[in-house]
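Participant: Sequence unavailable; structure follows:
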């Protein structure tokens, strides 16, 4: 029985250490101007592409994506040429694009990063 208690105590301590540690994560996010577009709304959606630490609430530098597109009704459309650079904070780069919705349906936006800047990983 004492061996079982040691095993349980070790398991609880290990779980406590992993659960209580803060999560250090980087996220690629696409922030749309509208989550749902109805017929009464503007048919243009503005998309803000950022590389960020969302829980710490600061952006990171992001190089131009190597690909960017949308999947609509099983067809992929390349939108890389529509990207424009902008600065979410001084000295940092992010990207934005406007997309005109021509038909109802799900629009799945996708992108890949080629290089990620800010190797020091410092908050601004």
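Facilitator: Noted; the coordinates are in hand. Keep in mind that this is a model prediction, so the values were computed, not measured.
Participant: For this structure, which segments count as strands?
Facilitator: 27-32, 44-53, 58-60, 65-72, 75-78, 84-86, 94-100, 107-113 (DSSP state E).
Participant: Each with direction, which strands does the third one pair with?
Facilitator: According to DSSP bridges, strand 58-60 has the following sheet partners: strand 44-53 (antiparallel).
Participant: for the strand it pairs with, what is the average pLDDT?
Facilitator: Averaging pLDDT along strand 44-53 gives 89.
Participant: got the angle for that strand vs strand 94-100?
Facilitator: Orientation check (axes from the mean of the first three to the mean of the last three C-alpha atoms, to 10 degrees): strand 44-53 against strand 94-100 gives 160 degrees.
Participant: I'd like to check what contacts strand 44-53. Which residues are they?
Facilitator: The contact list for strand 44-53, computed with C-beta atoms under 8 Å, 6 or more residues apart in numbering, reads 25-34, 37, 58-62, 65, 68, 83, 86, 88, 94-101, 107, 109, 111, 113, 116, 123. Every C-beta, even on glycine, is put in place using the N, C-alpha and C of the backbone.
Participant: low-confidence ranges in the chain?
Facilitator: 1-4, 6-25, 114-124 (pLDDT under 70).
Participant: tell me, what residue is most central in it?
Facilitator: The residue lying closest to the centre of the chain (C-alpha atoms, centre = their mean) is residue 29, at 1.9 Å.
Participant: Just give the nearest non-adjacent residue to it, would you?
Facilitator: With C-beta to C-beta, 6 or more residues apart in numbering as the criterion, residue 29 has its nearest non-adjacent residue at 5.2 Å, and that residue is residue 50.
Participant: re earlier: among the contacts of strand 44-53, the buried ones, what's the PyMOL command?
Facilitator: A single PyMOL command selects the buried members of the contacts of strand 44-53 (16 or more other C-beta atoms under 10 Å):
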select buried, resi 37+59+60+61+62+65+68+83+88+94+95+96+97+99+101+107+109+111
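Participant: Now the strands of the chain in TSV, please, with extra columns for distance to residue 5.
Facilitator: Formatted as TSV, those follow (distance: least, C-beta to C-beta, whole Å):
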stretch	distance to residue 5
strand 27-32	41
strand 44-53	40
strand 58-60	44
strand 65-72	53
strand 75-78	57
strand 84-86	58
strand 94-100	53
strand 107-113	49
